[in-house]
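> okay, here's the prediction I keep looking at, along with the sequence it came from:
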Amino acid sequence: MRYRHLLELINFHKPKRLVEIGCWNGLRAMEMAAQALKHNKEVHYIGFDLFEEATAETDARELNVKAHCSLEGVTQRLKAFQEQMPGFTFELVKGDTKITLRGPIEADFAFIDGGHSVETFKHDFEMLRHIKIVVLDDFYEVDAIGRIPDITKYGINAVVKDVPHLLLPQGDPVRGGGIVRMAVIPPNAFPSQQQLV
């Protein structure tokens with residue numbers, strides 16, 4: 001799965017402050033934080049998601065296929081993780097990032113995988129592009145039988161078109177057709193295979 005690239009990047013760059021757009025159930029937050037804690041005594045995580053504000057309408061608009069999670073449920077999961085990993089601190093922000101994500105966020109690693117509309121991706125990237133390492137999910141490519149999501153409406157293809165980036169090697173099938181990969185900015189942020197652990 002393409003998400004292994006996140007752990008490779010964290011292992012290489014050793015960030016102390018992580019921000020994730022689209023934290024969903026909190027499991028990816030714990031994976032990323034656990035990797036970062038191998039290199040740092042303290043790691044702070046900031047997660048943004050719709051949580052209870054997600055609806056069938058937002059699912060359709062943002063091409064979401066995942067079940068909805070509650071803020072309280074994810075908070076409890078991350079508190080339990082915090083008990084095992086005392087150097088971990090976190091904050092969660094509920095709501096549409098076009099409203100809740102404003103002003104500079106202090107972090108050194110960002111993962112953007114919230115709303116999948118081009119409009120939402122553009123906003124989220126503009127708010128976080130100052131961060132040292134930015135990873136964006138949902139770069140769509142044609143699959144073996146010619147299927148691909150509508151990249152005029154969804155994904156990061158239009159967002160990174162004029163921005164220097166590297167498409168990470170691993171791709172996964174998209175439900176409904178197509179291949180999805182992640183991009184990293186700056187393009188030289190991805191370690192060579194010899195440096196991966």
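Looks like it arrived, so ask away.
> all helices for this protein, in order.
For the chain, the helices defined by DSSP state H cover 4-13, 27-37, 56-62, 71-84, 97-100, 118-128, 157-160.
> now for those, which one comes closest to Phe139?
helix 157-160 (5.9 Å; C-beta to C-beta). To be clear about C-beta, it is placed using only N, CA and C from the backbone, and glycine gets the same treatment.
> count of residues packed around Val142?
11 (other C-beta atoms under 10 Å).
> now for the closest residue to it other than its chain neighbours, how many residues are close by?
Distance criterion C-beta to C-beta, 6 or more residues apart in numbering; nearest residue to Val142, sequence neighbours excluded, is Ile148 at 4.7 Å. Neighbour count for Ile148, taken as other C-beta under 10 Å: 18.
> and the lowest-mean-pLDDT helix or strand in the chain, how far out from the chain middle?
Least confident helix or strand of the chain, by mean pLDDT, DSSP states H and E, is helix 56-62 with a mean of 87. The gap between where helix 56-62 is centred and where its chain is centred comes out at 18 Å by C-alpha atoms, centre = their mean, to the nearest Å.
> got the CA positions of that helix in PDB?
The C-alpha coordinates for helix 56-62 follow below in PDB (Å, rounded to 0.1, in the frame of the first residue of the first chain):
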ATOM      1  CA  ALA A  56     -24.100  12.000   2.400                       C
ATOM      2  CA  GLU A  57     -23.900  15.300   0.600                       C
ATOM      3  CA  THR A  58     -20.300  16.000   1.700                       C
ATOM      4  CA  ASP A  59     -19.400  12.400   0.800                       C
ATOM      5  CA  ALA A  60     -20.700  13.000  -2.700                       C
ATOM      6  CA  ARG A  61     -19.000  16.400  -3.100                       C
ATOM      7  CA  GLU A  62     -15.700  15.200  -1.700                       C
END
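> which parts of that helix are buried?
For helix 56-62, a neighbour-count test (16 or more other C-beta atoms under 10 Å) marks Thr58, Arg61, Glu62 as buried.
> got the contact list for it?
With contacts defined as C-beta atoms under 8 Å, 6 or more residues apart in numbering, helix 56-62 is touched by Leu50, Asn64, Val65, Asp96, Gly114, Gly115, His116, Ser117, Thr120.
> possible to save those as a markdown table with distance to His13 and neighbour count?
What follows is those, written out as a markdown table (distance: C-beta to C-beta, whole Å; neighbours: other C-beta atoms under 10 Å):
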| residue | distance to His13 | neighbour count |
| --- | --- | --- |
| Leu50 | 28 | 23 |
| Asn64 | 29 | 20 |
| Val65 | 30 | 9 |
| Asp96 | 29 | 18 |
| Gly114 | 22 | 26 |
| Gly115 | 26 | 26 |
| His116 | 25 | 22 |
| Ser117 | 29 | 17 |
| Thr120 | 26 | 24 |
